[in-house]
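Trainee: output the structure for:
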Amino acid sequence: MKKVLLQKFRMYGSLRNVLTSNDLIWISSLPLKQKVEEFYAYMESIEKKDHGRKSSKSFTKEKTQVFEKMLDATLIVCSAGAAYAGVMNDEKLKEVFNFTKSSLKFGYEEDVQERCRKIGEDAALIADKLVDYNISKAQLDELNIAVVDFYKLMDVPGNVRDKSRDLNQEMIALFDKCDKLLNEIIDKMMQTYKNNHPDFFLEYTNARHIGGWSKKKKDEGEEKIVS
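Mentor: Numbers count the residues shown, from 1 in each chain. Just a heads-up that it's a prediction; the model follows:
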């Protein structure tokens, strides 16, 4: 959640605390009760969508880590394979392992995954030779496992990014609904408690200022909270 939205949500939370702790004062007002419950429901939806968005970002981070692990494991094997080919003066074998990190990850992710898989396959054919070049069977296994792990994650990222974007847009729409509900209805209904329940009114007004929100006086003397 962006900082400005996080600040706003904290303000919502402060309002919820004030309203909940003073519910005996206002709960008999059915219109206010209905709108406060609607406000709480919007907050709950925001929390759920933010959790879903964080899960999507977490998946993307995991995929990036697996991708980098696959590249690193492949480059180690390529270095040893290229060194062996150089010692043997085998130009054809040199081409098999002649990759930098940028050339290795060129193209679509499907191309990169297949390229790494093929390198691992070719390295397995000379595994006994690569032992002298500090490449163990365990390292070749590590490369193959990384290739398989990345393959499992390949088809999901586009959907994850779309889902994260959609959740963010839906969350912003909920913030707009909360703001409209507060500005146009709940704030106005709070004015009726200014004289009869001044402590409650002050708590509510102070809570509305949390997170960089400010107060201005309207011409008729009514207090209104604005961003």
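Trainee: which strands and helices lie in contact with whichever strand or helix holds Lys188?
Mentor: Lys188 is part of helix 187-190 when elements are defined by DSSP states H and E. Helices and strands touching helix 187-190, by 3 or more Cβ pairs under 8 Å, 6 or more residues apart in numbering; DSSP states H and E, are helix 30-87, helix 198-207. All C-beta spots, glycine's among them, are computed from the backbone N, C-alpha and C.
Trainee: for those helices, which one sits closest to Gln191?
Mentor: Nearest of those to Gln191, taken as Cβ to Cβ: helix 198-207 at 8.0 Å.
Trainee: helices or strands next to the closest one in the packing?
Mentor: With contacts defined as 3+ Cβ pairs under 8 Å, 6+ apart, the packing partners of helix 198-207 are helix 3-21, helix 187-190.
Trainee: related to what we said a few turns ago, in the helix holding Lys188, which residues are buried?
Mentor: By neighbour count on 16 or more other Cβ atoms under 10 Å, the buried set for helix 187-190 is 187, 190.
Trainee: any idea of the mean pLDDT in it?
Mentor: The pLDDT scores in helix 187-190 average 94.
Trainee: mind checking how far it is from the chain centre?
Mentor: Averaging C-alpha positions (Cα atoms, centre = their mean, to the nearest Å) puts helix 187-190 35 Å from its chain's average.
Trainee: pretty sure Phe117 contacts Val147?
Mentor: Careful, residue 117 is Arg and not Phe. Yes: Arg117 lies in contact with Val147 (Cβ atoms under 8 Å); the separation is 4.7 Å.
Trainee: neighbour-wise, which of these two wins?
Mentor: Taking other Cβ atoms under 10 Å, Arg117 and Val147 do not tie; Val147 has more neighbours (24 against 19).
Trainee: where does pLDDT dip in the chain?
Mentor: Applying pLDDT under 70 to the chain flags the ranges 1, 54-59, 155-164, 210-227.
Trainee: what do you get if the cut-off is 90, keeping everything else the same?
Mentor: Scanning the chain for pLDDT under 90 picks out 1-10, 47-65, 105, 107-110, 151-172, 208-227.
Trainee: can you name the residues in contact with stretch 142-152?
Mentor: If you take Cβ atoms under 8 Å, 6 or more residues apart in numbering as the criterion, stretch 142-152 is touched by 63, 66-67, 69-70, 73-74, 76-77, 109, 113, 116-117, 119-120, 123.
Trainee: equivalent analysis for stretch 117-136, please.
Mentor: Contacts with stretch 117-136, where a contact means Cβ under 8 Å, 6+ apart, come from 74, 76-78, 80-81, 83-84, 93, 96-97, 99, 137, 140, 143-144, 147.
Trainee: narrow those to those that are buried.
Mentor: Buried by 16+ other Cβ under 10 Å: 74, 76-78, 80-81, 83-84, 93, 96-97, 99, 140, 143-144, 147, out of those.
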